[in-house]
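Participant: How does the following fold in three dimensions:
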Amino acid sequence: MSRVGKHPVVIPAGVTVDLKGQHLKAKGKRGELELTVHDDVSIVREGSNLVFKPRTESRRARMQWGTARNLANNVVKGVSDGFTINLEINGVGYRAQADAKNLKLQLGFSHDVELPIPTGIQIKALKPTEIEISGADRQKVGQIAAEIRSLRPPEPYKGKGIKYSTETIRRKEGKKK
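Facilitator: Next up, the predicted model:
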């Protein structure tokens, strides 16, 4: 039985949720997001809560139950508060600059790497070595952060590269004389 699916999704003040069949649409101060829930899960609105239940006791229905609840929670939380991921850049000469449309990275290559910023995502270079990625859609924010990190992942000997601010790099000992 799903422990996650048992908990209702609380709709905070300032967020409107429209529920039509299996289609969920949430609107808040950070934007508007939509979600189509799997047919094996039923959604019921009870006051300021969304309650999820599996339609059958099949294995697939129980798996989708917790997944649907968490996806709906991410949609509601995204339009009210949003999601933020911070990246750190370590290395001599490694730096980042962000403007309205592009993120420009100097990562030790012979050329600068320019990434276009997708709609619905805000990227700020807080310092030349810190990047803040924020937006309403959790999946998009995480995907952009992973793509930026993959340009120069941290290496274990000196720790040079791009890493998440919450990530710890396991360091290796170098050559011995």
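Participant: Now do the strands in this protein.
Facilitator: 9-10, 16-20, 23-28, 31-36, 41-46, 49-54, 83-90, 95-98, 102-106, 113-116, 121-127, 130-135, 161-164 (DSSP state E).
Participant: Quick one: work out the angle between the fifth one and strand 31-36.
Facilitator: Meaning strand 41-46. 130 degrees (axes from the mean of the first three to the mean of the last three Cα atoms, to 10 degrees).
Participant: List the buried residues of strand 41-46.
Facilitator: Across strand 41-46, burial judged by 16 or more other Cβ atoms under 10 Å covers V41, S42, I43. Every C-beta, even on glycine, is put in place using the N, C-alpha and C of the backbone.
Participant: who does the longest helix seen in the chain touch, helix- and strand-wise?
Facilitator: Ordering each helix of the chain by length in residues (DSSP state H) puts helix 59-80 first. Taking 3 or more Cβ pairs under 8 Å, 6 or more residues apart in numbering; DSSP states H and E as contact, the helices and strands that helix 59-80 lies on are strand 9-10, strand 23-28, strand 31-36, strand 41-46, strand 49-54, helix 138-151.
Participant: Just send these back as CSV, with mean pLDDT too.
Facilitator: What follows is the helices and strands packed on helix 59-80, written out as CSV (pLDDT from 0 to 100):
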stretch, mean pLDDT
strand 9-10, 92
strand 23-28, 92
strand 31-36, 91
strand 41-46, 90
strand 49-54, 91
helix 138-151, 94
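Participant: and of those, who's closest to I169?
Facilitator: Closest approach to I169 among the helices and strands packed on helix 59-80 (Cβ to Cβ): helix 138-151, 11.9 Å.
Participant: Show me what that closest one is in contact with.
Facilitator: With contact meaning Cβ atoms under 8 Å, 6 or more residues apart in numbering, helix 138-151 is reached by 74, 77-78, 83-85, 87, 103, 105, 107, 113, 115, 118, 120-121, 123, 131, 133-135, 162-164.
Participant: Pull out the buried members of those.
Facilitator: For the contacts of helix 138-151, buried by 16+ other Cβ under 10 Å: 74, 77-78, 83, 85, 87, 103, 105, 107, 115, 121, 123, 131, 133, 135, 162-163.
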